[in-house]
Structure formats: structure tokens, C-alpha cells
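Chemist: here is my input, please return the structure:
(2 chains)
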Number of protein chains: 2
Amino acid sequence: MDPMNWLDEVKWDAQGLVPVIAQEQGSNDVLMFAWMNREALQKTAELGRAVYYSRSRQRLWFKGEESGHVQTVHDIRLDCDNDVVLLKVTQQGHEPGIACHTGRHSCFFQQYDADKAGWTAVDPVLKAPESIYK
Amino acid sequence: MDPMNWLDEVKWDAQGLVPVIAQEQGSNDVLMFAWMNREALQKTAELGRAVYYSRSRQRLWFKGEESGHVQTVHDIRLDCDNDVVLLKVTQQGHEPGIACHTGRHSCFFQQYDADKAGWTAVDPVLKAPESIYK
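Modeler: Okay, the predicted model is just below:
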């Protein structure tokens, strides 16, 4: 029998996935949220580069494979329930880093505005998506 | 018909839930990850205090209801796909803030150690859980 593997300690959900938060090293900004399967987490650790599992495309997603906006991984954390992963990353390919497919720094650019009782996009587009995804 | 409600713009999953990241205002530390249903998000906005949905207890969970470790909410963000929420919070009741039920600052205290190929608890317990939950 194999010895206890660190990947076995993760509580994978019914789909074999775990939620992942990517946080920028230095600024500590939360850049994005995605999912990993077992292979994605193993490859992330191996390569020192964020590899997610795309639920829509149902395959491994090497972050930056199209955009060049690769994430170098400095730290991999697991939460108290062993069912959420937190990465500390450097967002490569643009300065400041662009993690979002909309060309923004972070995916969390919509802010709840209590006065309007609505969501407002408050962070700028740093690069047009058309020039990121050719 | 009701006008379009900000809560309708959130893409709730099949269980009527959305994943939520709580980040500390100031330090930008990621404190915890939890879930909200529609009522929890509405109450969070109303009260300016984090209200989650406990999947294990299947009810609203007013963060700090037992521990006193309430989270004051400064900012509510929604991601580009409208299916993840990010809160900026101040963790009340202890200095530094304790968000984790283990008595730690953050739930993400287990670090992947490549040399050991295993997870190691690297952050200190700030207060014994037995004295938090009486």
C-alpha cells in the first residue's frame, strides 16, 4: 500500500474538486477563485505554477495558457476543514498583474452599493480582453 | 413584477448557495471561506455583519453567535462570473482577530511543505478553543 499521500488529506467534494482562492503575494489582494482536481493540485505543487480544473471545459487549465498571464505559486495552504485551498501567487505577464479574463487585476471588481441596492464595477480594465485572447 | 433585485444577479448554485471569501480589512489576510444562501447575503448587507449559511447545521450562521468573534462588513464584492462573493471584514472580539474555530487568526494555517510532501500547521493558536466555545 502507498503511504498516506498529502493529496489524500484534502477533502475532495462529490465531483472530486476543491475550491481554490488565489491571493497576490505582497499586496495580499484576492485575485480569483477557481477549482482544482487532484491532478491540478499535484501539478501546481510540481511546477510551482497555478493549474486549475476548468469545470466548463472539463479539463486541466494551466492558468495563462492562452493569455500568458501565468501565476507563479509561492505558498499552498489548506484550511482547517481540509476542504479549501489558498495559493499565494505572483501574477505574471503584465504590470500590475491581470488575473481576470475581463482584463482587470482581480475578478472581484463588482462592489455592492447600498444606496443603489446594486452592483457597480469599480476597478479599471487594464488591458482590453480582445488583445489578451487572440 | 418586482424590479431586478441585486440578489437575483448572484448565480446561486444548485443548492441555492454561493461561496464566500472573508478577507481582513487592512492586512488583507484571507481569514476564512464559507457559504451564503440568499437570506444570508441579504442579512449581511442589512446588518453590516457577516451572516453565513451553515451547510452542516442547515441554518443561518451569524458569525460570532457563540464565540463573540463577529465580523463587521465593510465591503461586499462579486466576481466576474457573479458566482463568488468576497467580503472585507474586521474580525471582532480579540486582538489580533480570531476567525478560525481552532483559535487561530485564519483558517488557512496548514502549509504545504514540499520537502516533507505534507501539510504543516504553521500559525499559532491565539486562544484555546475550549475557552472560546463554552
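
Chemist: phi, psi for the closest residue to chain B within chain A please.
Modeler: Residue nearest to chain B within chain A: residue A:28 (3.3 Å; Cβ to the nearest Cβ). All C-beta spots, glycine's among them, are computed from the backbone N, C-alpha and C. Dihedral pair for residue A:28: phi 70, psi 10, per degrees, to the nearest 10.

Chemist: repeat that for residue A:55.
Modeler: Dihedral angles (degrees, to the nearest 10) for residue A:55: phi -70, psi -30.

Chemist: for it, give me its contacts.
Modeler: A:15, A:17, A:35 (Cβ atoms under 8 Å, 6 or more residues apart in numbering or on different chains).

Chemist: output these as CSV; include the columns neighbour count and distance to residue A:58.
Modeler: Formatted as CSV, the contacts of residue A:55 follow (neighbours: other Cβ atoms under 10 Å in any protein chain shown; distance: Cβ to Cβ, whole Å):
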residue, neighbour count, distance to residue A:58
A:15, 10, 10
A:17, 18, 11
A:35, 18, 11
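
Chemist: is there any residue in the worst-scoring helix or strand of chain A on mean pLDDT that contacts chain B?
Modeler: Lowest on mean pLDDT, DSSP states H and E among the helices and strands of chain A sits helix A:129-132, with a mean of 92. No: with Cβ under 8 Å from any Cβ of the partner chain as the criterion, chain B is not reached by helix A:129-132; the gap is at least 10.6 Å.

Chemist: re the thing from before, quick check: pLDDT value at the residue of chain A closest to chain B.
Modeler: If you check residue A:28, the pLDDT there is 98.

Chemist: list the contacts for it?
Modeler: Each residue near residue A:28 by Cβ under 8 Å, 6+ apart is listed here: B:23, B:27-30.

Chemist: looking at the contacts of residue A:55, which are in helices?
Modeler: Nothing among those maps onto helices, per DSSP state H.

Chemist: now stretch A:88-108: buried residues?
Modeler: A:88-89, A:91-92, A:94, A:97-108 (16 or more other Cβ atoms under 10 Å in any protein chain shown).

Chemist: wait, stretch A:41-57
Modeler: For stretch A:41-57, using 16+ other Cβ under 10 Å, the buried residues are A:41, A:43-45, A:49-53.

Chemist: inside strands: which ones of those?
Modeler: Among these, the ones falling in strands (DSSP state E) are A:51-53.

Chemist: which one of these is nearest to residue B:132?
Modeler: Using Cβ to Cβ, residue A:52 comes nearest to residue B:132 of these, at 34.6 Å.

Chemist: from the buried residues of stretch A:88-108, which ones fall inside strands?
Modeler: Among those, the ones falling in strands (DSSP E) are A:88-89, A:91.

Chemist: dump those to CSV, plus distance to residue A:121 and pLDDT.
Modeler: Listed next are these as CSV, based on distance: Cβ to Cβ, whole Å; pLDDT from 0 to 100:
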residue, distance to residue A:121, pLDDT
A:88, 26, 98
A:89, 23, 98
A:91, 19, 97
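
Chemist: make JSON lines out of these and add distance to residue B:82.
Modeler: JSON lines is the format used below for those (distance: Cβ to Cβ, whole Å):
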{"residue": "A:88", "distance to residue B:82": "26"}
{"residue": "A:89", "distance to residue B:82": "23"}
{"residue": "A:91", "distance to residue B:82": "22"}
